[in-house]
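> Need coordinates for the following:
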Amino acid sequence: MRAFRIAALAGTALAVAIAVPSSADAAARSWHVRATPQIKNGEMNSVLTFSRSNAWAFGGSGEASSMKPLAYHWNGKSWRSVTVPGLHGWLTVSSAVSASDIWVVNSPGEAGDGTEAVLHWNGTKWSVSKKGFAGHPTSLAAISRSNVWLFGAPGADQGSGTWHYNGKTWTRRYPPFYPGAASAVSASNIWAVGRGKSGDSRTVGHYNGKTWSTTTLSKVLPADSADGLHGVSLRTVRATSAKSVWVAGYFDVNNRQVPLLVHWNGTAWHRISVPGTGTLDDITPDGHGGLWFSRMSWSGTSNTTAIIHRSAAASWTTATVTGMGGKSLLVVGGLARIPGTTTMWGAASLHTLYANPSGVILSY
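Numbers count the residues shown, from 1 in each chain. Okay, here's the model as predicted:
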C-alpha cells in the first residue's frame with residue numbers, strides 16, 4: 001500500500017459511519033462489494049465507465065520494491081485482468097475521451113523508487129505515453145486525442161506540475177497557481193482546484209482555452225486560520241456543464257474537519273451546507289440531478305469513510321455498503337456512473353486494523 005495511506009490509517013481505532021438525514025431516492029438501493037476481483041495487499045484507485053458492458057478499474061498491489069500496477073476490464077459479465085506495461089508502481093488517477101482513448105497515471109506515490117508515468121489505451125493495447133515526471137501527478141483531464149492535461153500540485157510530496165499533450169509531445173505549462181485536481185467541460189472550459197502561489201489550498205482556477213485565471217472564493221469560503229495550517233482545503237472539482245461546477249473539500253474548526261461544498265451556477269458561487277464531519281471527495285452525478293460523494297472523517301482516534309448522497313431536492317443520505325466481509329473501513333478511490341443509467345461502479349479498498357488492505361470494486 002502507498003506510504004501516505006498507511007501513515008493515515010496505522011495505529012488508529014476504526015469507527016462506524018456518521019449518519020445523516022435520509023432521502024428515499026438513495027435509500028432504496030445499496031452499494032455492494034463485488035466478490036472479484038479482490039486484491040490482497042493493495043487498493044483500487046479509480047474507475048471509468050462507458051456502457052453496461054464496458055468499464056475499467058485501476059489500482060495496484062504490493063509495497064516498496066514489489067509494487068505492481070493493475071488494470072481490470074468489465075465485459076458485461078465479469079472483471080478480467082488486462083496486462084499493462086511492466087512499470088513499478090500503482091495505477092492511480094484516470095481519464096478518458098472514449099472507450100478507445102483512455103489515460104491513466106502510474107505512480108509509486110510517497111513510497112518512492114518507482115516510475116511516474118502516463119499510460120494510454122488505444123482500444124487494443126496499453127502503452128507508455130510519457131514517463132519520468134519529476135513529481136507526483138494527481139489528476140488527468142483527457143479532452144481529445146490531441147488534448148490531454150496532467151496536473152500535480154505539491155502536497156505531502158513533490159508535485160509534477162502542469163503538463164499538456166498535443167497528440168505528439170508533452171509540454172510543461174505554468175499556470176498562475178498549482179492545480180491538483182481538474183474537470184473539463186470542453187477544451188475551452190476547464191476547472192481546477194489547487195494551491196495558490198502563497199501556499200494556500202483554497203484556489204480555484206479556470207482555463208478558457210488560452211489562459212488560466214484564479215479565484216479564492218473569499219466571499220463564500222471561511223477564512224484560513226492565522227497560521228495558515230488549519231484552514232480551507234479544496235480537494236476536488238466536478239464541472240457538469242458550462243453553468244454548473246461543484247467544488248468540495250473541508251475546513252478546520254478546532255482540529256475537526258467540516259465538509260465544504262460550493263457550487264457555481266454560471267453567475268456566482270454559493271456555499272452549500274453539508275451534514276456531518278470530514279472531507280468530501282469524488283463528486284459524481286447520480287443521473288437524477290443528485291450527486292454522490294465519498295467522505296473521509298479524520299480525528300486523533302478514528303478514521304471513518306462513507307459514501308454519501310445529495311438528492312436533487314437537497315436531502316442527504318449516508319449509503320449502506322454490503323459485502324464488506326467483516327472489514328472495518330472502506331476507503332473509496334473513485335466512483336463512476338454508467339452513462340444513461342443510475343447504475344454505478346466504484347474503486348475502493350477494505351481495511352482492518354493492523355492488517356494489509358484488499359483492493360475491491362463496488363457496484364450500485
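
> For this structure, give me the ranges with low pLDDT.
The model of the chain has pLDDT under 70 over residues 1-28, 35-38, 64, 109-114, 156, 225-230, 298-304, 326-328, 353-354.

> where does S65 fall, helix, sheet strand or coil?
Secondary structure, DSSP: H, G, I helix; E, B strand; the rest coil: S65 is helix.

> What about it, how many residues nearby?
Around S65 there are 9 other residues, counting by other C-beta atoms under 10 Å. The way it works is simple: take the backbone N, C-alpha and C, and place the C-beta from them, glycine included.

> same deal with the one 4 residues further on?
Other residues lying near P69 total 29 when counted by other C-beta under 10 Å.

> what's the helix or strand for the closest residue to it other than its chain neighbours?
In this structure, P69 finds its nearest non-sequential neighbour in L91, 4.6 Å apart by C-beta to C-beta, 6 or more residues apart in numbering. L91 is located in strand 90-98, with elements delineated by DSSP states H and E.

> before we move on, the earlier item: any figure for the gap between the residue nearest to P69 and E43?
From L91 over to E43 the distance is 10 Å, taken as C-beta to C-beta, to the nearest Å.

> How about A313?
With the distance defined as C-beta to C-beta, A313 ends up 34 Å from E43.

> Can you pick out the residue with more neighbours from those two?
Ranked by neighbour count (other C-beta under 10 Å), A313 and E43 place E43 first, with 25 against 10.

> Show the contacting residues for the closest residue to the more buried one other than its chain neighbours.
Once flanking residues are discounted, E43 sits nearest to S349: 3.4 Å by C-beta to C-beta, 6+ apart. Applying C-beta atoms under 8 Å, 6 or more residues apart in numbering, we find S349 in contact with M1, G42, E43, M44, G59, L330, V331, G333, P357, S358, G359, V360.

> follow-up on the earlier one: was I right to think the residue nearest to P69 contacts A71?
Yes. The criterion here is C-beta atoms under 8 Å, and L91 meets it with A71 at 6.2 Å.

> so what sits against both of these two?
With C-beta under 8 Å, 6+ apart as the test, L91 and A71 both reach F58, V84, V104.

> I'd like the residues you listed laid out as JSON lines, including neighbour count and secondary structure.
Output for the shared contacts of L91 and A71, formatted as JSON lines (neighbours: other C-beta atoms under 10 Å; DSSP: H, G, I helix; E, B strand; the rest coil):
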{"residue": "F58", "neighbour count": "28", "secondary structure": "strand"}
{"residue": "V84", "neighbour count": "21", "secondary structure": "coil"}
{"residue": "V104", "neighbour count": "28", "secondary structure": "strand"}
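
> how about stretch 135-148: buried residues?
G135, H136, P137, T138, S139, L140, A141, A142, I143, N147, V148 (16 or more other C-beta atoms under 10 Å).

> go on, stretch 85-101?
By neighbour count on 16+ other C-beta under 10 Å, the buried set for stretch 85-101 is L87, H88, G89, W90, L91, T92, V93, S94, S95, A96, D101.

> Also stretch 342-352?
Residues M344, W345, G346, A347, A348, S349, L350, H351 are the ones in stretch 342-352 that count as buried (16+ other C-beta under 10 Å).

> Tell me what angle the helix or strand containing the fifth one forms with strand 90-98.
Using DSSP H and E, the secondary-structure element containing A348 is strand 344-351. Counting by axes from the mean of the first three to the mean of the last three C-alpha atoms, to 10 degrees, strand 344-351 points 180 degrees away from the direction of strand 90-98.

> I'm done for today, thanks for sticking with me.
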